[in-house]
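> only geometry, no sequence info:
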């Protein structure tokens, strides 16, 4: 098993692991999916075990702009005392049936922010570079065994770069198109 700095949600029955640096849009996209009816698995950290991705944290976080962008205004958002600039968070179980704790992996997605929504497939080597540079630094520092497990996990599934534009609905449709392409 391997812990990865990523978010995960289910898109049309397949888990999508979203990895990227802080601020790349992985939480926004995953929570946006959860609020649009696609199940959220986890925000910010996942456990890869075999062919499944599992939730690690019981909470998901968003900054104030993302709360509005994804339509999370109806969620019970909380803040940490004495940390005015920290992101707000909510219990993922508050999503009810739009939260599941685990699912079989279908694809890797590497979001980034842009002016228009678009996706394209990336090679396994590039996907490994992206997930390793972020996850190994953020989670545990990573040794040779961590690198090998991540390389194997990335190689088994298709990988896409998804550029997130100003419309959450369009971003979700672009992501759905990328996942559908792999069926």
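Here it is on my side, so go on. Please read all numbers here as calculations on a predicted model, not as lab measurements. Numbers count the residues shown, from 1 in each chain.
> going by contacts, tell me the helices and strands next to the lowest-mean-pLDDT helix or strand in the chain.
In the chain, the helix or strand scored least confidently by mean pLDDT, DSSP states H and E is helix 64-70, which has a mean of 81. Contacts defined by 3 or more Cβ pairs under 8 Å, 6 or more residues apart in numbering; DSSP states H and E place helix 64-70 against helix 26-35. Every residue, glycine included, has its C-beta placed from N, CA and C.
> tell me the helix or strand right after the helix it packs on.
Once helix 26-35 ends, the next helix or strand along the chain (criterion: DSSP states H and E) is strand 40-42.
> what's the spacing between that next one and its chain's center?
How far strand 40-42 lies from its chain's middle: 8 Å, per Cα atoms, centre = their mean, to the nearest Å.
> contacts for that strand, please.
Counting by Cβ atoms under 8 Å, 6 or more residues apart in numbering, strand 40-42 makes contact with 7-10, 15, 30-31, 33-34, 53-57, 60, 92, 95, 98-103, all of which sit outside it.
> weed out the non-buried ones from the residues you listed.
Applying 16 or more other Cβ atoms under 10 Å to the contacts of strand 40-42, the neighbour count classes 7-10, 15, 30-31, 33-34, 53-56, 60, 92, 95, 98-100, 103 as buried.
> I'd assumed residue 169 was in contact with residue 69.
No - contact criterion Cβ atoms under 8 Å: residue 69 and residue 169 do not qualify, at 11.0 Å.
> what's the overlap in contacts for these two?
Between them, residue 69 and residue 169 share no contacting residue under Cβ under 8 Å, 6+ apart.
> out of those two, which sits in the busier spot?
Between residue 69 and residue 169, counting by other Cβ atoms under 10 Å, residue 69 is the more crowded of the two (19 against 11).
> please name the nearest non-neighbouring residue to the more buried one.
residue 168 (6.0 Å; Cβ to Cβ, 6 or more residues apart in numbering).
> that neighbour touches residue 67, doesn't it?
No - counting by Cβ under 8 Å, residue 168 stays clear of residue 67, with 11.8 Å between them.
> go through whichever helix or strand residue 108 is part of and flag the buried ones.
In this assignment (DSSP H and E), residue 108 forms part of strand 102-113. By 16+ other Cβ under 10 Å, the buried positions in strand 102-113 come out as 103, 105, 106, 107, 108, 109, 110, 111.
> which residues sit against the next helix or strand after it?
Of the helices and strands lying after strand 102-113 in sequence (DSSP H and E), the nearest is strand 118-122. Identification of contacts with strand 118-122 by Cβ under 8 Å, 6+ apart yields 110, 130, 158-163, 165, 174-175, 177-178, 181.
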